[in-house]
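next come a sequence and a model predicted from it.
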Amino acid sequence: MPHAIRIHQIGGPEVLSWEPVDVPSPAAGEVRVRQAAVGLNYIDTYHRTGLYPVPLPSGLGLEGAGVVEAVGEGVTELRVGDRVAYAGGPIGAYAEVRNMPAHRLLILPDSIDFDTAAAMMLQGLTAAYLLRRTFPVQAGDAVLVHAAAGGVGLIACQWAKALGATVIGTVGSAAKAELARAHGCDHVINYSEAAFAPRVRELTGGEGVAVVYDGVGQATFAGSLDSLRPMGMMVSFGNASGPVAPVDLIQLSQKGSLFITRPTLMSYTAKREDLVALGAALFEVVANGQVKIEVHQRYALRDAAQAHRDLEARKTTGSTVLVP
């Protein structure tokens, strides 16, 4: 019988349980996928702790890659043996085998291996919608990317650089600064050594950046607003340091008629055609080498609790995969 990671209560990594699970034949519109690799993402910890509530008991995980083993009634786009990858749900990727809605799966190009796919789908599709839809980055734009050495950060910095932007990244250590520089950052600010907003102003000749991509949340939010040019866009897409406090809208006028948004991948990929388009954009920049995906950590899927501990302790860089 296949196994999966399940949670029966919210809490720390210790609530993750490795259990046998029954995987029925796929229903109409579904396929069964035997997974070769599963992606680890910070949102998984939000589900585990209850910050983003899910009905319990529940699986965890929002991305993976593998091979189609069976096809349900009415599925025409996929066949047994197809290599596929997905991101964004339904929740439950921490599994050896699972059923998935066929319309949420993308056929994986032969040039991209399973580990790379599982490492890049959620973070890569996130970077895709941030850079191409939420605020379409143009050549000459100055952009600020927080957590530039993280999974989304490394992809977003490379991609923004390929689009012709001047990329400023923030990191928390000298080692992460070196990593960010090697992945597209023109300038790197170590926020453990100095406040980043004044340095951003200095680097942009006092103007500020066109957009801030902020997945850190509470710790960086105020400084992010102070880093924007007039009519700049604040994109708050994560809460790694904790949720952002309620915003006084008058601040946005006082700081230069700023825009602010709190987007999600689920909204930007709700329509099949949008998912396919963002996936194609991601596959293209990875296949042509403009964006390199580096898997820096691998854990056995059954050891997901240790992976969560290391992720929350900021001991990981880049992408991490769980191997069934």
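Structure's in. What do you need?

contacts only, for Gly72.
Ser25, Pro26, Ala27, Ala28, Gly29, Glu30, Val31, Asn99, Ala102 (C-beta atoms under 8 Å, 6 or more residues apart in numbering). No exception for glycine: its C-beta is placed from N, CA and C like everyone else's.

and for Val38?
Listed by C-beta under 8 Å, 6+ apart, the contact partners of Val38 are Gly61, Glu63, Gly64, Ala93, Tyr94, Ala95, Ala118, Leu301, Val321, Leu322, Val323, Pro324.

go with 7 Å
For Val38, the contacting residues are Gly61, Gly64, Ala93, Tyr94, Ala118, Leu301, Val321, Leu322, Pro324, by C-beta atoms under 7 Å, 6 or more residues apart in numbering.

one more: Val80?
Val68, Glu69, Ala70, Val71.

who is the nearest residue to the third one once chain neighbours are set aside paired with across the strands?
Translated: Ala70. In space, and not counting its chain neighbours, Ala70 is closest to Arg32: 4.2 Å by C-beta to C-beta, 6 or more residues apart in numbering. Under DSSP bridges, the beta-bridge partners of Arg32 are Ala70, Asn99.

can you pull the contacts of Arg32?
Neighbours of Arg32 in contact, by C-beta under 7 Å, 6+ apart: Val23, Pro26, Glu69, Ala70, Val97, Asn99.

what subset of the residues you listed is buried?
The neighbour count (16 or more other C-beta atoms under 10 Å) marks Val23, Pro26, Ala70, Val97, Asn99 as buried among the contacts of Arg32.

can you list the residues you listed in a markdown table and add pLDDT?
As requested, the buried ones among the contacts of Arg32 are arranged in a markdown table below (pLDDT from 0 to 100):
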| residue | pLDDT |
| --- | --- |
| Val23 | 96 |
| Pro26 | 97 |
| Ala70 | 97 |
| Val97 | 98 |
| Asn99 | 98 |
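
picking up where we left off before, just flag the most distant two among the contacts of Arg32.
Pro26 and Val97 (10.8 Å; C-beta to C-beta).

circling back to that earlier point, as TSV, the contacts of Val38 with secondary structure would be great.
Shown next, in TSV, are these (DSSP: H, G, I helix; E, B strand; the rest coil):
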residue	secondary structure
Gly61	coil
Gly64	strand
Ala93	coil
Tyr94	coil
Ala118	helix
Leu301	helix
Val321	strand
Leu322	strand
Pro324	coil
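
return the closest of those residues with respect to Asp310.
Comparing the contacts of Val38 against Asp310 with C-beta to C-beta places Leu322 closest, at 11.9 Å.

tell me how many other residues crowd the closest one.
Using other C-beta atoms under 10 Å, Leu322 is surrounded by 27 other residues.

cool, and Val84?
22.

can you name the helix or strand that it falls in?
Element membership of Val84, judged by DSSP states H and E, is strand 83-87.

what helices or strands is that strand leaning on?
Judged by 3 or more C-beta pairs under 7 Å, 6 or more residues apart in numbering; DSSP states H and E, the packing partners of strand 83-87 are strand 63-71, strand 106-107, helix 114-129.
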